[in-house]
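**Student:** sequence and predicted structure, then a few things I'm wondering about:
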Protein chains: 2
Amino acid sequence: MSTPTIAAGTALSAELYDVIARRRDVRAEFTGEPVDDDVLLRVLGAAHRAPSVGMSQPWDFVVVRDAGLRRTFRDHVANERDTFAASLPPERRTTFDKIKVEGICESTMGVVVTHDQSRGGQHVLGRHAIADAGLYSTVLAIQNLWLAATAEGLGVGWVSFYREPFLGELLGIPEHVRPIAWLCLGTVSHLETVPDLERHGWRNRRPLADAIHDNVWSDRA
Amino acid sequence: MSTPTIAAGTALSAELYDVIARRRDVRAEFTGEPVDDDVLLRVLGAAHRAPSVGMSQPWDFVVVRDAGLRRTFRDHVANERDTFAASLPPERRTTFDKIKVEGICESTMGVVVTHDQSRGGQHVLGRHAIADAGLYSTVLAIQNLWLAATAEGLGVGWVSFYREPFLGELLGIPEHVRPIAWLCLGTVSHLETVPDLERHGWRNRRPLADAIHDNVWSDRA
């Protein structure tokens, strides 16, 4: 195979590849401007169109605009971020200090995507051999949401510095439902062209060729 | 909020929403025709552009064209499918019998997407509080792949009737790497407009409005 590039093969695919390439994990560029309900519904509708195992559609979307709830969550995340920073060796800590890790209060809203493993009843087609297949469905919905938001000119930042039970209790989510992601969603000044972690020297991208194997696993990767 | 519809708000987003709406989980429509290497690289390149926790990019793609490997996997899946069928009450079994569950040999190729939790080393930014965050990254890549394939006119079917250790051993995947999905990928006669499971009466779609909650969880859903 030749050197991979993301280029449009057909007129049909040009925009999709462009959106996939422009999507960023946004932390510092949120402006907090309002988002039209119609736009939000299109973005959540895109998520809701995701594939799901046995068509169980196990996701829900809690749209958090309340400033008090967001401040409480932000304080919890700041605490978890400090715990992570303290675990780092000194040279990594210096790099990490440069990276803003959350836009919880600066974004227009939070969208908490939850997973209900009981959705679909006892016999979920395709889940009998792989228990995680339900969870995968919810994550597929998140990527649809992320791409739709990017196409609409919005930014998304996935906050993962939190403890699930804390967030569940804060939003009154039933115990059998897991909060999988807090997504900061909203208007942005711009999208960076290079991911934050790469820009700040945290980590570099892996070449695509290293990730592709023919028929069986190859150890070159 | 008004009744949600997926309509393009801007010229920019029209194609993306169209691809999201046309994407299907393909089982019976594979034709087995060849796929150009350039097209395959664009599709895998789209997957490789997915977001990942701490930019760990924990995925790999094993492209399985070998007929013998695919037959062996197909036989394993057929066995797991029969196990699932036997667990169903009689009326569900009748519905299930109408649904083809795999196109492993009929598709152009299999793409096995794997997850390496050790990728990114000891300090993966964003994974200290949520161990599954790495796994989520790999699933986000799968949705990019699926949408890119749809835009290219190809079909994707996710096979989840298998045991991970069987597939890992078949393809020589190291023990610390998990095979997350076998995706049947290839040319198709057409994409169905209604999901197979809905068409065959297995399950209906949930209204989007039921999935949206304001600030805190509401039990109406």
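**Tutor:** Looks like it arrived, so ask away. Residues are numbered from 1 along each chain as shown, chains lettered A, B, ... in the order given.

**Student:** residue contacts, the spatially most central residue of chain A?
**Tutor:** Centroid-nearest residue in chain A, with C-alpha atoms, centre = their mean: residue A:158, separated by 4.3 Å. Listed by C-beta atoms under 8 Å, 6 or more residues apart in numbering or on different chains, the contact set of residue A:158 reads A:25, A:142, A:181-184, B:51, B:53, B:126. (Each C-beta comes from the backbone N, C-alpha and C, glycine too.)

**Student:** swap in residue A:196?
**Tutor:** Contacts of residue A:196 (C-beta under 8 Å, 6+ apart): A:24-25, A:27-28, A:99-100, A:202.

**Student:** list the contacts of stretch A:122-135.
**Tutor:** A:52-56, A:58, A:115, A:117, A:119-120, A:178, A:180, B:80, B:83-84, B:87-88, B:92, B:96, B:99, B:101, B:132, B:135, B:158, B:160-164, B:197, B:202.

**Student:** how long is that stretch from one end to the other?
**Tutor:** 16 Å (C-alpha to C-alpha, to the nearest Å).

**Student:** show me the contacts for the closest residue to residue A:201 other than its chain neighbours.
**Tutor:** Of all residues beyond its chain neighbours, the one nearest residue A:201 is residue A:95 (5.5 Å), with distances taken as C-beta to C-beta, 6 or more residues apart in numbering or on different chains. Contact analysis of residue A:95 by C-beta under 8 Å, 6+ apart lists A:200-202.

**Student:** among the residues you listed, which one sits closest to chain B?
**Tutor:** Distance to chain B, by C-beta to the nearest C-beta, is smallest for residue A:202 among the contacts of residue A:95, at 6.5 Å.

**Student:** spatially nearest residue to the closest one (excluding sequence neighbours)?
**Tutor:** residue A:95 (5.5 Å).

**Student:** for the one you found, what is the enclosing helix or strand?
**Tutor:** Per DSSP states H and E: residue A:95 is located in helix A:90-97.

**Student:** roughly how far is that helix from the heart of the chain?
**Tutor:** Relative to the centre of its chain, helix A:90-97 is centred 24 Å away, using C-alpha atoms, centre = their mean, to the nearest Å.

**Student:** and for stretch A:109-121?
**Tutor:** 14 Å.

**Student:** now do the buried residues in that stretch.
**Tutor:** A:109-117, A:119-120 (16 or more other C-beta atoms under 10 Å in any protein chain shown).

**Student:** let me see the ranges of the strands in chain A.
**Tutor:** Counting by DSSP state E, one finds strands in chain A at the ranges A:59-64, A:109-116, A:154-159, A:177-187, A:212-214.

**Student:** show me what the first one is packed against.
**Tutor:** Pointing back at strand A:59-64 there. Packing contacts for strand A:59-64, counted by 3 or more C-beta pairs under 8 Å, 6 or more residues apart in numbering or on different chains; DSSP states H and E, involve helix A:37-48, strand A:109-116, helix A:133-151, helix B:208-211, strand B:212-214.

**Student:** which of those is buried the deepest?
**Tutor:** Among those, ranked by average contacts under mean count of other C-beta atoms under 10 Å in any protein chain shown, first place goes to helix A:133-151 (a mean of 26).

**Student:** how about low-confidence regions in chain A?
**Tutor:** A:1-12, A:126, A:220-221 (pLDDT under 70).

**Student:** at 80 instead, please
**Tutor:** A:1-12, A:96-101, A:120-131, A:202, A:219-221 (pLDDT under 80).

**Student:** please report how far the nearest residue to residue A:26 once chain neighbours are set aside lies from residue A:185.
**Tutor:** Take residue A:26 and drop its neighbours on the chain: the residue closest to it by C-beta to C-beta, 6+ apart is residue A:155, 3.5 Å away. Applying C-beta to C-beta, to the nearest Å, the value for residue A:155 to residue A:185 is 7 Å.

**Student:** okay, and the common contacts of those two?
**Tutor:** In terms of C-beta under 8 Å, 6+ apart, residue A:155 and residue A:185 are both contacted by the residues A:107, A:149.

**Student:** and which of the buried residues of stretch A:109-121 is nearest to residue B:38?
**Tutor:** Of all the buried residues of stretch A:109-121, residue B:38 sits closest to residue A:113, with 34.4 Å by C-beta to C-beta.

**Student:** burial count for the nearest residue to the closest one once chain neighbours are set aside?
**Tutor:** What sits nearest to residue A:113 in space, not counting adjacent residues and going by C-beta to C-beta, 6+ apart, is residue A:181, at 4.8 Å. For residue A:181, the count of nearby residues is 25 (other C-beta atoms under 10 Å in any protein chain shown).

**Student:** what about residue A:181, distance to residue B:139?
**Tutor:** Residue A:181 is 12 Å from residue B:139, by C-beta to C-beta.

**Student:** just residue A:136 next, same as before
**Tutor:** Distance from residue A:136 to residue B:139, by C-beta to C-beta: 5 Å.

**Student:** residues shared between the contacts of these two?
**Tutor:** With C-beta under 8 Å, 6+ apart as the test, residue A:136 and residue B:139 both reach residue B:180.
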